[in-house]
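Engineer: can you look at this prediction? I've put the sequence above it.
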Amino acid sequence: MAELLRESETGMRLYELKNAAGMRMQVSTFGARIVRLYAKNRDGIFMDVTAGFDDLEQYRDDHGTYFGAVVGRVCNRIGEGRFELNGVEYTLALNDNGINHLHGGDEGFDKKMWSVLDASNSDSIRLGYISKDMEEGYPGNLSVVVTYRLTAANAVEITYDAMSDKDTLCSLTNHAYFNLDGDFESVLDHEVWINSSELTVVDDKLIPHGEIMDTEYSPYDFSAPKRIGEDIGDDDDMLLAARGYDFNYVLKGIKAATAYSPRSGILMTVTTDRPCLQFYTGNFLDGFVGKHKYNYQSAFCLETQGYPNACNVPTFKSTVLKAGERYHSVTTYAFETR
């Protein structure tokens, strides 16, 4: 059985999962968040490699980070907070600088209390949430189930399932922030590889409109392992607008990305059935304190996802979930040392 570690005054519960190899992960029912994830370094020491807070109640004001949360109904940005579905225009919260819609709105899935559906196994937990019709402006009653499992191969497996009684939008991800050094000082010396040679071009508000660029020989090229810091200071317009990397890569296969820390020896491999991956380098971390002090570019995210702003770009693969159809997706973050 997953161990209940504690419960806050407002009912947030924190559970711990364990596998046979000694790997541990802590999950909160508030936002279905990954709170701690312990990976073994090359010296055999388990280190917490995810950003977050010690006090569960601090997640209510997470400085806009979405630390460790399940993000939905739609992750990433929707341009001008508008989309049309079945001839009806829907208006969403402009919670991204008053201009665009971001990560599900003012109170997306990251700010909801999830129900524990199954915690009978020590290595997994299943959480559920029902998003009511027109919550945050989205049509349909959407039932969502997220399952976290620690595999015998030291991977975090995240399974997403959802179903709606009306046509709606659905594109879910987890917004864990990683630092494989474990100290959350900087990620610029981490080496990243992304199984992609294409990136969705964004405007100065980080909204894609359908153009896809070839990343070869550009600052955005991670088709071979590269230090995050190698090209992050380039004066390209998109890098300047994002203050670093915050871009969607179109994936070539199920093996999506790797990240490696030369210091700790931890190698993280991401696999997914999603078509895209958002690579983000913590460009808006501004020095607030949680489990660590989180400064600019002290953590990174590899968020598996559907095409961003797909509801407004006909050439992108749709993120529409038809009534009665099942949304199902699996992403894993596997850990080893070298």
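Structural biologist: Alright, I've got the coordinates.
Engineer: chain center to the top strand by length along the chain: distance?
Structural biologist: Scanning the chain for the strand with the most residues, using DSSP state E, yields strand 326-337. Centroid separation between strand 326-337 and its chain, computed with Cα atoms, centre = their mean, to the nearest Å, is 11 Å.
Engineer: just the residues contacting it, thanks.
Structural biologist: Contacts to strand 326-337, defined as Cβ atoms under 8 Å, 6 or more residues apart in numbering, come from residues 23, 39-42, 151, 153-163, 170, 172-174, 176, 264-274, 302, 304, 321. The C-beta positions use only the backbone N, C-alpha and C, and glycine is treated the same way.
Engineer: check stretch 47-59 too.
Structural biologist: With contact meaning Cβ under 8 Å, 6+ apart, stretch 47-59 is reached by 6, 8-10, 12, 14, 28, 30-31, 33-41, 62, 65, 67-68, 176-180, 182, 184, 264, 266, 268, 290-292, 294, 298-299.
Engineer: buried ones only from these, please, as a PyMOL command.
Structural biologist: Here is the PyMOL selection string for the buried members of the contacts of stretch 47-59, based on 16 or more other Cβ atoms under 10 Å:
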select buried, resi 8+12+14+28+30+31+33+34+35+36+37+38+39+40+41+62+65+67+68+176+177+178+179+180+182+184+264+266+268+290+291+292+294+298+299
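Engineer: then stretch 68-88 to PDB, C-alphas only?
Structural biologist: Written as PDB, here are the backbone C-alpha positions of stretch 68-88 (Å, rounded to 0.1, in the frame of the first residue of the first chain):
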ATOM      1  CA  GLY A  68       5.200  18.900 -10.200                       C
ATOM      2  CA  ALA A  69       1.500  19.300 -11.100                       C
ATOM      3  CA  VAL A  70      -0.800  17.600 -13.600                       C
ATOM      4  CA  VAL A  71      -1.700  20.400 -16.000                       C
ATOM      5  CA  GLY A  72      -5.000  20.600 -17.800                       C
ATOM      6  CA  ARG A  73      -7.500  20.700 -19.400                       C
ATOM      7  CA  VAL A  74      -5.000  22.000 -22.000                       C
ATOM      8  CA  CYS A  75      -1.300  22.500 -21.200                       C
ATOM      9  CA  ASN A  76       0.700  25.300 -22.700                       C
ATOM     10  CA  ARG A  77      -0.800  28.400 -24.300                       C
ATOM     11  CA  ILE A  78      -3.900  29.100 -26.200                       C
ATOM     12  CA  GLY A  79      -3.600  32.400 -28.200                       C
ATOM     13  CA  GLU A  80      -5.800  35.200 -26.900                       C
ATOM     14  CA  GLY A  81      -7.700  32.700 -24.800                       C
ATOM     15  CA  ARG A  82     -10.100  31.800 -27.500                       C
ATOM     16  CA  PHE A  83     -11.000  28.800 -29.600                       C
ATOM     17  CA  GLU A  84     -13.900  27.600 -31.800                       C
ATOM     18  CA  LEU A  85     -15.400  24.100 -31.500                       C
ATOM     19  CA  ASN A  86     -18.400  22.900 -33.500                       C
ATOM     20  CA  GLY A  87     -19.200  26.400 -34.600                       C
ATOM     21  CA  VAL A  88     -19.200  27.800 -31.000                       C
END
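Engineer: quick check: mean pLDDT across it?
Structural biologist: Stretch 68-88 shows a mean pLDDT of 98.
Engineer: how about it: buried residues?
Structural biologist: Going by neighbour count (16+ other Cβ under 10 Å), the buried part of stretch 68-88 is 68-83, 85.
Engineer: from the chain's centroid, how far away is the helix or strand harbouring residue 84?
Structural biologist: Element membership of residue 84, judged by DSSP states H and E, is strand 82-85. Centre-to-centre, strand 82-85 and its host chain are 24 Å apart (Cα atoms, centre = their mean).
Engineer: among the contacts of strand 326-337, name the buried ones.
Structural biologist: Buried members of the contacts of strand 326-337, counted by 16+ other Cβ under 10 Å: 23, 39-41, 151, 154-163, 170, 172-174, 176, 264, 266-272, 274, 302, 304, 321.
Engineer: just the ones in helices from those, please.
Structural biologist: Per DSSP state H, helices hold no members of the buried ones among the contacts of strand 326-337.
Engineer: pull the contacting residues for the nearest residue to residue 42 once chain neighbours are set aside.
Structural biologist: Once flanking residues are discounted, residue 42 sits nearest to residue 265: 3.0 Å by Cβ to Cβ, 6 or more residues apart in numbering. Going by Cβ under 8 Å, 6+ apart, residue 265 touches 41-43, 337-338.
Engineer: take those residues and write them to a markdown table, including pLDDT and distance to residue 144.
Structural biologist: A markdown table is the format used below for the contacts of residue 265 (pLDDT from 0 to 100; distance: Cβ to Cβ, whole Å):
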| residue | pLDDT | distance to residue 144 |
| --- | --- | --- |
| 41 | 97 | 34 |
| 42 | 97 | 38 |
| 43 | 97 | 39 |
| 337 | 97 | 34 |
| 338 | 95 | 36 |
